[in-house]
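# Return atomic coordinates for the entry below.
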Amino acid sequence: MVGSTAAVGQRAGGEMYYNIAVTRWFAVTADVQFIDPANSQWDTAFVTGLRAKLDF
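A predicted model of the protein is given here:
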C-alpha cells in the first residue's frame, strides 16, 4: 500500500492504492483519493477506482 498527500492552495489531497498480482500476467489495483475541500458545495470528496492489467 502506498499513500501520499499534497497541499494545493487551501486544499489538501491524497491517494492510497494497493496492487495485487493475481498471476504473473494479471494484476489488480484498487485506489482511493480524497480532496479536502472538494469545492464550495462539498467539504470532502472521495474517489475510488479499480484497474485490471493483463500482460500478453
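
# any low-confidence regions in this structure?
Within the chain, the segments meeting pLDDT under 70 span 1-9.

# if you set the cut-off to 90 instead, what comes out?
Within the chain, the ranges that satisfy pLDDT under 90 run 1-13, 35-45.

# hey, where'd the helices end up in this protein?
In the chain, no helices are defined using DSSP state H.

# And the strands in it, which stretches?
2-8, 11-21, 26-36, 45-54 (DSSP state E).

# tell me the angle the third one makes with strand 45-54.
Taking axes from the mean of the first three to the mean of the last three CA atoms, to 10 degrees, one finds strand 26-36 and strand 45-54 inclined to each other by 170 degrees.

# how close does Gly13 sit to Asp36?
7 Å (CB to CB, to the nearest Å). Backbone N, C-alpha and C define where each C-beta goes, glycine included.

# how many other residues sit next to the closest residue to Val32 other than its chain neighbours?
Excluding its sequence neighbours, the residue lying closest to Val32 (CB to CB, 6 or more residues apart in numbering) is Thr48, at 5.1 Å. For Thr48, the neighbour count with other CB atoms under 10 Å is 8.

# Please list all residues in contact with Thr48.
Each residue near Thr48 by CB atoms under 8 Å, 6 or more residues apart in numbering is listed here: Ala30, Asp31, Val32, Gln33.

# just Ala27 next, same as before
Asn19, Ile20, Ala21, Ala52, Lys53.

# any idea which of those residues is the one closest to Thr44?
For these, the residue nearest Thr44 by CB to CB is Asn19; the value is 24.9 Å.

# correct me, but that closest one touches Thr29?
Yes - between Asn19 and Thr29 a contact is recorded at 4.5 Å, counting by CB atoms under 8 Å.

# Filter the contacts of Thr48 down to the buried ones.
For the contacts of Thr48, a burial check counting by 16 or more other CB atoms under 10 Å picks out Asp31.

# re the thing from before, roughly how far does the residue nearest to Val32 sit from Tyr17?
Distance of Thr48 to Tyr17, given as CB to CB: 10 Å.
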